[in-house]
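Student: Quick one, what's the 3D model for this:
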Amino acid sequence: MKKPFVFLLIALLFIHLGQAQSKVDSLKTALSQTADPQIRLTVLDELTTALIRNNDSAQEQYLKEYLALAGDLKEFDSMASKSRFLIQFYINTRRIEKAQRLADSLLTFKDRFNNESSEAHLKLKRAALFYDQNRFEEALQDYDRSATLFLSSGDSIFAADAYFFSGQALSDQNNFLEAIKKFETAEQLYERLGDVQYSILVGAELTQLYKKNGFVQKSINERERLLKKALANEDYLSYLQLLGQNVVAYHSLKNYEQMDATLQLMDEAGAKFDDPYSKSYYDRFKTNYKLLGACYRGDLEQATVFMDQLEAIEAEGTTPYLQGDALTAKAAYFELVGNQASLIKTLQELADINGTNRLEAQIEAREKLAAMYSAKGQYNKVVDLLRKNARIKDSIYEIQRSNTFLYYQAAFENEKRLSELSQQDAQIKLLESDKQLAANKRNSLIALLTLIFLAVGLIIYFRNRQKIKEQAYQNILLNNKIANKTEEINTLLNETIQHIKSKERIAENLQKLSNENEGITLKSIIADLKASKADNTKLMLIKQNIEQVNFEFIKKLKTTHPELTKTDVEICSLIRIGLNRKEVANLRNTSLEAVKSSRFRIKKKLGLSPDSSLDDYINTL
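Tutor: Residues are numbered from 1 along each chain as shown. Reported below is the predicted structural model:
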């Protein structure tokens, strides 16, 4: 059944039941009036949400019913999601074992979850249970697994929670370096997701970790960064908390000037803060440290004013968390005024506090008590106090010494890595610079060569253009010369033809003379022969003209086919000027068959097939 229909049915049930009933009662009535499992699950979802919001103890009953029904309906993701609230209810009521069993049992369904966040939420809750039992290794495994699943499912805000809690577990294990990494990851993730308040909270936790491990000045420096972020976000509560932590840090460094200046900043910030509980807490805190500052400066008048304020505040009730600070301040006042009895009593109270976060103040109190008991000859008490201090100091020293070494080693390795990366970057940049320089040189060279080629091309172009012009002019002259020569040749040819006819006539006359009956005289024949001699001269002139006209052709023909004879070349020249076979025979004074035989021989020398045209080939040369 779809949810819109379910909500519509619930709404109708509300209308039927009347407006007088409360939402919780209406939901309970609706639950009792429906047997449909899907509708019951939806009603139970609404009912448990309302009960959780009201912190109603009845939530346990209905949460159990919801989980059982969701399991029956195979809605394992819904079952896992709602189970978180029942686990938290068991934790709040200190039923840790029950919460543990529930978390373990639900994680057996992890293979049936459709959403990775279902397993992640259960792992996150179980990690908190392990942490509560000081089972840090198991807690860390669940925190790491849940963070991975949350990131994969896109629930990054819960991943940031997992990193934060993991950092706290690692801090309690004194795993300093890993705790730093987790806190830094959590802070960055909260910052990226826009949860500035939580990013400041995690950052503050990290600064406390630095201070705990002896990096007091670093903790101050980191808080200065966080203070700017808190002010920019107008988060005055976080701002006061960070200033308070810096006050304690300056006190441990005995930098009372900076401590007083920071207390002044707290006074200014307190004016912008209107939360009564927090304001009361920080008024007590500031009074303690203002009293300490006055005592260390030896300002008895101011110290008395602050001592009176402190006693008035304590008359209204004490704050356990600030008890160590208050006793430290009162001990400083009693030492200033010389009240030995009150001083010993206050120092003893301070030395005997359990679970205080002011171990340095306790160590100093025991040292002062040991000195006072030693002056009185009470050496047993002295030995007991110094043994306690020795154990605590050795423990703190060993932790701080180890963590300080690891921190600086990691810092050195990081610096070395950064240095190597910097060197690599420098080398890469140098290579890139060299590459760019080479590219620039190459481009410049290409540009120069291009210009040279263009210049040479232009020179060649203009020279060729001039040559073409000159060649065109020469061609015009040559064509004119050829035309003239052709005209001369044509004239000579006509005359040659006449010469041939003359020879034929002489031959006929000789024949007639031999017959002695044709009236042909020898004198006329001699005249014709003289004319024939002149015609032979003209024939030689024709050949010379043909050679001049075909000079380039003859030159190319001889170069291409050096095996051709002079007669072959002459015949080719006559073909070149367009004479047919008969005309060639007449001009050469030979038979037509002789010309045909010469043409056949020439084709063979030229490598032409029998089907190829000798005339076409000659005209292509």
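
Student: Residue 26 and residue 46: what is the separation?
Tutor: 10 Å (Cβ to Cβ, to the nearest Å). No exception for glycine: its C-beta is placed from N, CA and C like everyone else's.

Student: higher neighbour count, the two?
Tutor: Using other Cβ atoms under 10 Å, the more surrounded residue of residue 26 and residue 46 is residue 26, with 23 against 18.

Student: Where does the prediction get shaky in the stretch 251-400 of the chain?
Tutor: 273, 355-357, 392-400 (pLDDT under 70).

Student: make it 90
Tutor: Low-confidence segments of the stretch 251-400 of the chain, defined by pLDDT under 90: 252, 268-283, 313-325, 347, 349-400.

Student: and what of the stretch 451-600 of the chain?
Tutor: In the stretch 451-600 of the chain (pLDDT under 90), the answer is 451-564, 566-598, 600.

Student: try 70
Tutor: Low-confidence segments of the stretch 451-600 of the chain (pLDDT under 70): 457, 468-549.

Student: same thing with the stretch 1-150 of the chain?
Tutor: Within the stretch 1-150 of the chain, the stretches with pLDDT under 70 are 1-21.

Student: now the helices: where do they sit in it?
Tutor: Along the stretch 1-150 of the chain, counting by DSSP state H, counting those that start in this stretch, helices occupy 3-17, 23-32, 37-53, 59-72, 76-92, 96-107, 116-132, 136-153.

Student: then the third one to CSV, C-alphas only?
Tutor: Which is helix 37-53. What follows is helix 37-53, C-alpha atoms only, in CSV (Å, rounded to 0.1, in the frame of the first residue of the first chain):
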residue,chain,number,x,y,z
PRO,A,37,0.5,-4.5,8.9
GLN,A,38,1.7,-1.7,6.5
ILE,A,39,-0.7,0.9,8.1
ARG,A,40,0.3,-0.2,11.6
LEU,A,41,4.0,0.3,10.7
THR,A,42,3.3,3.8,9.4
VAL,A,43,1.3,4.7,12.5
LEU,A,44,4.0,3.2,14.8
ASP,A,45,6.6,5.3,12.9
GLU,A,46,4.7,8.5,13.7
LEU,A,47,3.9,7.4,17.3
THR,A,48,7.5,6.5,18.2
THR,A,49,8.8,9.8,16.7
ALA,A,50,6.3,11.7,18.9
LEU,A,51,7.3,9.7,22.0
ILE,A,52,11.0,10.2,21.4
ARG,A,53,10.5,13.9,20.9
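
Student: so that helix versus helix 23-32, what angle?
Tutor: 160 degrees (axes from the mean of the first three to the mean of the last three Cα atoms, to 10 degrees).

Student: Can you list the buried residues in helix 37-53?
Tutor: For helix 37-53, the neighbour count (16 or more other Cβ atoms under 10 Å) marks 38-48, 50-52 as buried.

Student: Could you do the fifth one as well?
Tutor: Buried positions in helix 76-92, judged by neighbour count with 16+ other Cβ under 10 Å: 76-87, 89-91.

Student: Next: the longest one.
Tutor: Within helix 136-153, the residues that count as buried by 16+ other Cβ under 10 Å are 136, 139-147, 149-151, 153.

Student: same question, the second one
Tutor: If you call a residue buried by 16+ other Cβ under 10 Å, then helix 23-32 has these buried ones: 24, 26-28, 30-31.

Student: Remind me what the helix or strand hosting residue 594 packs against, helices and strands.
Tutor: Taking DSSP states H and E as the criterion, residue 594 maps to helix 592-605. If you count contacts as 3 or more Cβ pairs under 8 Å, 6 or more residues apart in numbering; DSSP states H and E, helix 592-605 packs onto helix 566-576, helix 581-587, helix 614-620.

Student: Residue 126 is nearest to which of those?
Tutor: helix 614-620 (100.1 Å; Cβ to Cβ).

Student: export that closest one as CSV, just CAs?
Tutor: Extracted C-alpha coordinates of helix 614-620, given in CSV (Å, rounded to 0.1, in the frame of the first residue of the first chain):
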residue,chain,number,x,y,z
LEU,A,614,54.7,7.3,-85.3
ASP,A,615,53.2,10.7,-86.2
ASP,A,616,51.4,11.0,-82.8
TYR,A,617,54.5,10.0,-80.8
ILE,A,618,56.7,12.5,-82.7
ASN,A,619,54.2,15.3,-82.2
THR,A,620,54.2,14.7,-78.4
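
Student: which outside residues touch it?
Tutor: 557, 572, 575-576, 599, 602-603, 606, 608 (Cβ atoms under 8 Å, 6 or more residues apart in numbering).
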